[in-house]
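Participant: no sequence on this one, just coordinates:
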């Protein structure tokens, strides 16, 4: 039995934004030298199954908040003041991944394949 892929939502530019959601994620990935598609994949894993009206305000049982499911201390560390702002959260998520990549690289490791489920 073949699985039928669920279409990914494409968000249009938010008011005051000149680019659409997917273009924004790709730009963040390019600027921070992240694997292409990692931000889209993580966003789908974290809250992609939730209805649109709940994605930005969800709080996990552990206390992770918003579309990107940041813990409060991690959100603060990466300058994310409003976890319900998915655009600002994407920037913080990209910064977080780039920071983790750089820290692991110093030890000769690459954490990203594990994040993607490889290996």
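Facilitator: Ah, there it is. Keep in mind that this is a model prediction, so the values were computed, not measured.

Participant: Quick one: list the elements packing against the longest helix belonging to the chain.
Facilitator: For the chain, the helix that runs over the most residues, judged by DSSP state H, is helix 86-106. The contact analysis (3 or more CB pairs under 8 Å, 6 or more residues apart in numbering; DSSP states H and E) places helix 86-106 against helix 21-31, helix 38-47, helix 112-115. To be clear about C-beta, it is placed using only N, CA and C from the backbone, and glycine gets the same treatment.

Participant: now with 7 Å?
Facilitator: With contacts taken as 3 or more CB pairs under 7 Å, 6 or more residues apart in numbering; DSSP states H and E, helix 86-106 sits against helix 21-31, helix 38-47.

Participant: Which one of those helices lies nearest to residue 89?
Facilitator: The closest approach between residue 89 and any of these, judged by CB to CB, belongs to helix 38-47 at 8.8 Å.

Participant: Packing partners of that closest one?
Facilitator: Packed next to helix 38-47, using 3+ CB pairs under 7 Å, 6+ apart, are helix 21-31, helix 86-106.

Participant: any chance of these in a markdown table, plus distance to residue 68 and mean pLDDT?
Facilitator: Formatted as a markdown table, these follow (distance: least, CB to CB, whole Å; pLDDT from 0 to 100):
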| stretch | distance to residue 68 | mean pLDDT |
| --- | --- | --- |
| helix 21-31 | 11 | 92 |
| helix 86-106 | 4 | 90 |
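
Participant: Let me have those in a markdown table, adding mean neighbour count as columns.
Facilitator: As requested, those are exported to a markdown table (neighbours: other CB atoms under 10 Å):
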| stretch | mean neighbour count |
| --- | --- |
| helix 21-31 | 17 |
| helix 86-106 | 17 |
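
Participant: rewinding a little: what is the orientation angle of the longest helix of the chain with helix 21-31?
Facilitator: 30 degrees (axes from the mean of the first three to the mean of the last three CA atoms, to 10 degrees).

Participant: what's next to helix 86-106, contact-wise?
Facilitator: 14, 17, 24-25, 28-29, 32, 34, 38-39, 42, 56, 66-68, 70, 74-75, 78-80, 82-83, 110-112 (CB atoms under 7 Å, 6 or more residues apart in numbering).
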